[in-house]
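Visitor: Any chance you can model this:
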Amino acid sequence: MTVVLYPGSFDPIHNGHVEIVETASRLFDRVVVAAMRNPQKGEPLFSLADRQELIEESLNHLSNVEVTMFSSLVVDLAREIGAHVIVKGLRAVSDFESELQMAQMNRSISGVDTLFIPSASGNSFLASRLIREIARFGGDVSNMVPAPVAERLAEVLPG
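Guide: Residues are numbered from 1 along each chain as shown. Model (predicted):
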């Protein structure tokens, strides 16, 4: 059984993330989506527990996907769950530079490879940071995020 890990902050999960998970779920036996607190991205909008719930609700149509949270090195979690590969989504060339460096570092310290899955749809412009900003100012993001996320954003950021 091939296990892959898809780590990220997912604050919130959006349709681009869902696309990457759907692709990975077709290619691999088991996909573990792992939400983390990324201190480089500032204060999160949703707690880890809320993000886990939103991710689970957004991906419940995929039977070979599970969701977890972590606060360790990605490679440590990969080892813990028996992941053969780390999956990362790419939206643009600018993503590739930072993700390649991270992939090389992860391979160097653990031997775990990273597979890049490019966004193959109109979701390539989506970024959680931009979605949060639009939602904070009352903009409609319902076509950018799964329904459970749109509902929760409307509750916590009533435009």
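Visitor: Distance from the chain centre to the biggest helix by length in the chain, please.
Guide: The longest helix of the chain (DSSP state H) is helix 93-110. Centre-to-centre, helix 93-110 and its host chain are 16 Å apart (C-alpha atoms, centre = their mean, to the nearest Å).
Visitor: cool, and stretch 91-101?
Guide: On C-alpha atoms, centre = their mean, the centre of stretch 91-101 falls 15 Å from that of its chain.
Visitor: Can you list the buried residues in that stretch?
Guide: 91, 95, 99 (16 or more other C-beta atoms under 10 Å). To be clear about C-beta, it is placed using only N, CA and C from the backbone, and glycine gets the same treatment.
Visitor: contacts for the longest helix of the chain?
Guide: 73-75, 78-79, 86, 88-90, 112-114, 116 (C-beta atoms under 8 Å, 6 or more residues apart in numbering).
Visitor: could you dump the helix or strand where residue 25 lies to CSV, C-alpha only?
Guide: Per DSSP states H and E, residue 25 falls inside helix 15-27. This file holds the C-alpha atoms of helix 15-27, laid out as CSV (Å, rounded to 0.1, in the frame of the first residue of the first chain):
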residue,chain,number,x,y,z
ASN,A,15,-10.8,24.3,-3.9
GLY,A,16,-7.1,24.2,-5.1
HIS,A,17,-6.2,22.0,-2.1
VAL,A,18,-9.2,19.8,-2.7
GLU,A,19,-8.1,19.3,-6.3
ILE,A,20,-4.6,18.2,-5.2
VAL,A,21,-6.1,15.8,-2.7
GLU,A,22,-8.5,14.4,-5.3
THR,A,23,-5.6,13.8,-7.7
ALA,A,24,-3.4,12.2,-5.0
SER,A,25,-6.3,9.9,-4.0
ARG,A,26,-6.6,8.6,-7.5
LEU,A,27,-2.9,7.9,-7.7
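Visitor: Packing partners of it?
Guide: Applying 3 or more C-beta pairs under 8 Å, 6 or more residues apart in numbering; DSSP states H and E, one finds that helix 15-27 contacts strand 3-8, strand 30-36, helix 48-59, strand 85-90, strand 113-118.
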